[in-house]
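Colleague: how does the following fold in three dimensions:
(one chain, ligands or ions: 1)
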Amino acid sequence: MSSDRAEIFEMGPRDGLQNEKRLIPAADKIRLVDMLSRAGFRRIEVTSFVSPKWVPQMADAADVLAGISRAPGVSYAALTPNLKGYEAARAARASEVAIFASASEGFSRANLNCTIAESLDRFAPVAEAARTDGIPLRGYVSVVTDCPFDGPTPPAQVAKVAAALRDMGCYEISLGDTIGHGTPDTIRAMLEAVLVELPAERLAGHYHDTQGRALENIEASLALGLRVFDAAVGGLGGCPYAPGAAGNVATEAVAARLETLGFDTGLDPVVLDEAAGFARGLRGQAQIF
Ligand SMILES: CC(C)(COP(=O)([O-])OP(=O)([O-])OC[C@H]1O[C@@H](n2cnc3c(N)ncnc32)[C@H](O)[C@@H]1OP(=O)([O-])[O-])[C@@H](O)C(=O)NCCC(=O)NCCSC(=O)C[C@@](C)(O)CC(=O)[O-]
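Modeller: Residues are numbered from 1 along each chain as shown. A predicted model of the protein is given here:
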């Protein structure tokens, strides 16, 4: 049994809540982030600075970042699709920012209203500004195995976009199975292509659980050396621009599986449970209204 360390990058407040129909009060989001800080996460994606017309739920991004209690050593992340978003994130003191590209043209158009090449052009000044400001930059590649618009994604295309994000200075690339259609075989084929461009230490798995295979996909990724996985407490979420996408894999399920496999996540299971209950309650309310 291994006693390696594995990290969960908590996505609940952003990826988890962005898709909720009811506008969740900023105070509840702040309470959730504060619980997550107490649970022992080193990195929490708090919000996104995107167009409020596209994702109304994240319109309170600055209020949420202003309201949280920042624990020492915890990085509070925000998504930034363009320079406007980056400048707002910097003003709100996001600890790190993330740019997010797609491996397919169909999803790029749906999520960012532009081609992959145009999105990379928009990210370049964000990357440059982050470098100048000393703000760590993370990158996402979405639809790494399957796209709801274009069908199966060629692994080489994922590797190409991941390499472009690496070249812009992303310290880590998170590989998103946005609609949760990946299988251990398709995840492995995708990772083998990306690993030609980047070492496993610079990759993270971001798997949605639509078909209940996220934990198997994490195990396949562990076997190829990945040690960082994105997950959302309470299994919250889905992407508003990926029809049929269910939530991120639930953090508490990933933590339990990692512990069973002998990996230390550094998380407090009692506080994590409390946060998962609170998160599920937010979703429950969202379904009522
Ligand atoms: C990229 C745009 C803005 C292009 O959207 P657009 O409509 O093409 O852009 P625009 O430049 O024409 O701007 C439209 C309006 O939005 C404003 N605007 C423009 N930018 C910003 C900004 N940063 N912050 C606030 N406002 C902004 C801009 O000022 C303008 O306002 P108006 O003049 O009409 O009043 C839009 O497509 C967008 O916001 N997309 C984000 C969609 C999104 O957040 N999706 C979910 C996150 S990605 C995800 O979940 C996947 C991931 C990361 O988890 C991994 C995985 O699972 O695969």
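
Colleague: need the residues of this protein near the ligand, please.
Modeller: Contact residues (Cβ under 6 Å from any ligand atom) of the chain with the ligand: 15, 18, 48-51, 53-55, 79, 81-82, 84-85, 100, 111-113, 140, 142, 176, 178, 206, 239, 241. Just so you know, the C-beta spots here come from the backbone N, C-alpha and C atoms, and that holds for glycine as well.

Colleague: PyMOL command to pick out the buried ones of these?
Modeller: PyMOL command restricting the residues of the chain next to the ligand to the buried ones, with burial defined by 16 or more other Cβ atoms under 10 Å:
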select buried, resi 15+18+48+49+50+55+79+81+82+85+100+111+112+140+142+176+178+206+239+241
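
Colleague: take the residues of the chain next to the ligand and keep only those in helices.
Modeller: 84, 85, 111, 112 (DSSP state H).

Colleague: and which of these is nearest residue 152?
Modeller: Set against residue 152, the nearest of these by Cβ to Cβ is residue 111 (18.2 Å).

Colleague: show me what contacts the residue nearest to that closest one when sequence neighbours are not counted?
Modeller: If the residues on either side of it in the chain are set aside, residue 111 comes closest to residue 241, at 4.2 Å by Cβ to Cβ, 6 or more residues apart in numbering. Residues counted as contacts of residue 241 (Cβ atoms under 8 Å, 6 or more residues apart in numbering) are 54, 107, 110, 111.

Colleague: what about the second one, which SS state?
Modeller: It refers to residue 107. helix (DSSP: H, G, I helix; E, B strand; the rest coil).

Colleague: just checking, it touches residue 178?
Modeller: Yes. With contact defined as Cβ atoms under 8 Å, residue 107 reaches residue 178; the gap is 6.9 Å.

Colleague: low-scoring stretches of the stretch 51-200 of the chain, by residue?
Modeller: Along the stretch 51-200 of the chain, the model assigns pLDDT under 70 to no residue.

Colleague: what about the strands in it?
Modeller: Secondary structure of the stretch 51-200 of the chain by DSSP state E, counting those that start in this stretch: the strands cover 75-79, 96-102, 137-142, 146-147, 151-152, 172-177.

Colleague: and the residue in the chain positioned nearest to the ligand, how far from residue 36?
Modeller: As assessed by Cβ to the nearest ligand atom, the ligand sits closest to residue 176 within the chain, at 2.5 Å. Distance of residue 176 to residue 36, given as Cβ to Cβ, to the nearest Å: 20 Å.

Colleague: what does residue 110 give?
Modeller: 29 Å.

Colleague: of the two, which one has the most company?
Modeller: Each of residue 110 and residue 36 has its neighbours counted (other Cβ atoms under 10 Å); residue 36 has more, 28 against 20.

Colleague: tell me the SS of that one?
Modeller: Going by three-state DSSP: residue 36 is helix.

Colleague: isn't it right up against residue 10?
Modeller: Yes. Taking Cβ under 8 Å as the definition, residue 36 is a contact partner of residue 10 at 5.3 Å.

Colleague: what do the two both touch?
Modeller: 44, 233.

Colleague: who touches both of residue 107 and residue 178?
Modeller: 142, 143, 147, 148, 242.

Colleague: by contact count, what packs against the strand or helix carrying residue 270?
Modeller: Secondary structure assignment for residue 270, by DSSP states H and E: helix 269-288. Packing partners of helix 269-288 (3 or more Cβ pairs under 8 Å, 6 or more residues apart in numbering; DSSP states H and E): helix 26-39, helix 251-260.

Colleague: residue 164 is nearest to which of these?
Modeller: Between the helices and strands packed on helix 269-288, helix 251-260 lies closest to residue 164; by Cβ to Cβ that is 28.1 Å.

Colleague: what's that closest one in contact with?
Modeller: Residues contacting helix 251-260 (Cβ under 8 Å, 6+ apart): 6, 8, 10, 12, 214-215, 218-219, 229, 231-235, 265, 267, 269, 272-273, 276.

Colleague: hmm, which of those are the buried ones?
Modeller: Using 16+ other Cβ under 10 Å, the buried members of the contacts of helix 251-260 are 6, 8, 10, 12, 214-215, 218, 229, 231-235, 265, 267, 272, 276.

Colleague: which members of these occur in helices, if any?
Modeller: Per DSSP H, those map to helices at 214, 215, 218, 272, 276.

Colleague: how about the helix holding residue 270 as PDB, C-alpha atoms only?
Modeller: What follows is helix 269-288, C-alpha atoms only, in PDB (Å, rounded to 0.1, in the frame of the first residue of the first chain):
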ATOM      1  CA  PRO A 269     -13.400  13.900   7.400                       C
ATOM      2  CA  VAL A 270     -15.700  15.300  10.000                       C
ATOM      3  CA  VAL A 271     -15.500  18.900   8.700                       C
ATOM      4  CA  LEU A 272     -15.700  17.600   5.200                       C
ATOM      5  CA  ASP A 273     -18.900  15.800   6.000                       C
ATOM      6  CA  GLU A 274     -20.300  18.900   7.500                       C
ATOM      7  CA  ALA A 275     -19.400  20.900   4.400                       C
ATOM      8  CA  ALA A 276     -20.900  18.200   2.100                       C
ATOM      9  CA  GLY A 277     -24.200  18.300   4.100                       C
ATOM     10  CA  PHE A 278     -24.300  22.100   3.800                       C
ATOM     11  CA  ALA A 279     -23.500  21.900   0.100                       C
ATOM     12  CA  ARG A 280     -26.200  19.400  -0.600                       C
ATOM     13  CA  GLY A 281     -28.700  21.600   1.300                       C
ATOM     14  CA  LEU A 282     -27.900  24.500  -1.000                       C
ATOM     15  CA  ARG A 283     -28.600  22.300  -4.000                       C
ATOM     16  CA  GLY A 284     -31.800  20.900  -2.400                       C
ATOM     17  CA  GLN A 285     -33.100  24.400  -2.000                       C
ATOM     18  CA  ALA A 286     -32.100  25.300  -5.500                       C
ATOM     19  CA  GLN A 287     -34.300  22.400  -6.800                       C
ATOM     20  CA  ILE A 288     -37.300  23.600  -4.900                       C
END
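
Colleague: please consider this matter closed, and thank you.
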